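In: Model the following, please.
(one chain, ligands or ions: 1)
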Amino acid sequence: MILDCAVIGGGTAGLKAALVLGRSRRKTILFDDNKPRNAVTSASHGFITRDGINPQELKRIAQEELYKYPDVRIEKQRVHRINKENTLFKVETENGEVYSAKKIILATGFKEVLPDIPRVKEFYGKSLFNCPFCDGWELRDHPLAVIADDQKAFHMAKLVSNWTNDLIIFTNGKEVLSLEEQELLKSKGISINEKKIAAFIGEEGMLEKIQFEDETSVLREGGFISTEWLQADSFKTSLGYTLNEQGGIATDSWQRTKTEGVFACGDTRIAGPSQLIIAAAEGSMAAISVVAALTEEKFNQDKQHA
Ligand SMILES: Cc1cc2nc3c(=O)[nH]c(=O)nc-3n(C[C@H](O)[C@H](O)[C@H](O)COP(=O)(O)OP(=O)(O)OC[C@H]3O[C@@H](n4cnc5c(N)ncnc54)[C@H](O)[C@@H]3O)c2cc1C
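Out: Predicted structure coming up:
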């Protein structure tokens, strides 16, 4: 059977794309190996009607909704390779199965690389986060840290100051702020600590203090940490789409990549703020684009045969 669309990645972006495709009666397979970036956290905030939901529960509900649509199948396995052969895409899974699809939606997300600071993984997703729009409310009015050893420090601190008046920037041994920036931050009550961090201290993921190499420490109850973003997919492909300056898959506003028939949505585009609701909206748009393209092809074919 030739699929209308193979959706690679079943996070919010891919699930929403599959829902629109299923409701449009398009033969679709959604591939997912369930390793999303937000697996480190137990509560997702700000998704309208689902504020605070466990991300795996959100996924379960979305999958249950998809089971109603007979044209959609969920394959809980990893895609290993995608190639284009003539007008069709060959999608190969890690189990060696091969599927043919007219269109591809990439919704593979990104992976975060945390700074190399002892014990950071214990706290990330529990009391240290990346996005204040997602987790700032829960940390409001607490003594917070912004941990960043590059230019993001200034931007993040300005943003996080919306949630607390007790904020310190930790640059982990680097001098990253200009004198002008330092003056401006201090005038708003934000302090700067440039000591090299030895470890985060606390229990069960709840930060209590930041310990430095000189054996001093500062009490903090949480904060926001700058992370590096990389593509999460690891499949081999000759699809040849282009990447944007941040390393995300470049698309137009219809989620079309430079490669005919290939669409991308959600975090994999690494194009700006990353949130579940943004990923869902982009998934919807990608599916609408796929259906629009298939419809045009159908009517052009009919014209040629008339
Ligand atoms: C600590 C933390 C807290 C967050 N809190 C919030 C919050 O409170 N509110 C909010 O709105 N957002 C939050 N986010 C952001 C949110 O999680 C992301 O924006 C969202 O998950 C992006 O959805 P996505 O579908 O693009 O990618 P993902 O959710 O990452 O899903 C991608 C999926 O594709 C799969 N995949 C990748 N490659 C393949 C392959 N080759 N084959 C098969 N499957 C594959 C992955 O396993 C994964 O399941 C948070 C993120 C983090 C890290």
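
In: wait, F263 sits on A101?
Out: No: contact between F263 and A101 fails when scored by Cβ atoms under 8 Å: they sit 11.6 Å apart. All C-beta atoms are positioned from the backbone trio N, CA, C, and that covers glycine.

In: The closest residue to G222 other than its chain neighbours: neighbour count?
Out: Counting by Cβ to Cβ, 6 or more residues apart in numbering, G222 lies nearest to S127, which is 3.9 Å off, once chain neighbours are set aside. Here the count is done by other Cβ atoms under 10 Å, and S127 has 24 residues near it.

In: now C5
Out: As a burial measure, C5 scores 29 neighbours (other Cβ under 10 Å).

In: was I right about it contacting L30?
Out: No: the criterion here is Cβ under 8 Å, and C5 misses it with L30 at 9.2 Å.

In: ok, F263 and A101, which is more surrounded?
Out: F263 (30 against 22).

In: Confirm that that one sits in a strand.
Out: Yes: assessed by DSSP: H, G, I helix; E, B strand; the rest coil, F263 belongs to a strand.

In: List the contacts of it.
Out: Residues in contact with F263 (Cβ atoms under 8 Å, 6 or more residues apart in numbering) are 103-106, 251, 254-257, 286, 289-290.

In: what residues are up against the residue nearest to G222?
Out: 139, 202, 205-207, 221-223.

In: Separate out the buried members of those residues.
Out: 139, 202, 205, 207, 221-223 (16 or more other Cβ atoms under 10 Å).

In: Quick check: which element contains H155?
Out: Here H155 sits within helix 152-160, counting by DSSP states H and E.

In: Output the contacting helices and strands for that helix.
Out: Judged by 3 or more Cβ pairs under 8 Å, 6 or more residues apart in numbering; DSSP states H and E, helix 152-160 is in contact with strand 144-147, strand 167-170, helix 179-187, strand 222-225.

In: Show the end-to-end separation of stretch 186-204, please.
Out: From its first residue to its last, stretch 186-204 covers 32 Å (Cα to Cα, to the nearest Å).

In: Show me what from the stretch 201-306 of the chain comes close to the ligand.
Out: 232-233, 235, 266-268, 274-277, 279 (Cβ under 6 Å from any ligand atom).

In: helix/strand/coil for the residue positioned nearest the centre of the chain?
Out: The chain has D267 as the residue nearest its centroid, 3.5 Å off, counting by Cα atoms, centre = their mean. What three-state DSSP gives for D267 is helix.

In: That one: what's it in contact with?
Out: 11, 13, 37, 109-110, 232, 274, 279.

In: change it to 6 Å
Out: D267 makes contact with 109-110, 274 under the criterion Cβ atoms under 6 Å, 6 or more residues apart in numbering.

In: near the ligand at all, stretch 122-142?
Out: Yes: Stretch 122-142 is in contact with the ligand by Cβ under 6 Å from any ligand atom, via 125, 129, 134-135.

In: before we move on, the earlier item: would you turn the buried ones among the contacts of S127 into JSON lines with distance to Q301?
Out: Formatted as JSON lines, the buried ones among the contacts of S127 follow (distance: Cβ to Cβ, whole Å):
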{"residue": "L139", "distance to Q301": "56"}
{"residue": "G202", "distance to Q301": "62"}
{"residue": "G205", "distance to Q301": "56"}
{"residue": "L207", "distance to Q301": "60"}
{"residue": "E221", "distance to Q301": "62"}
{"residue": "G222", "distance to Q301": "57"}
{"residue": "G223", "distance to Q301": "57"}
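
In: So which residues of the stretch 101-250 of the chain form strands?
Out: 110-113, 128-129, 144-147, 167-170, 191-193, 197-203, 206-212, 217-219, 222-225, 228-231, 236-237 (DSSP state E, counting those that start in this stretch).
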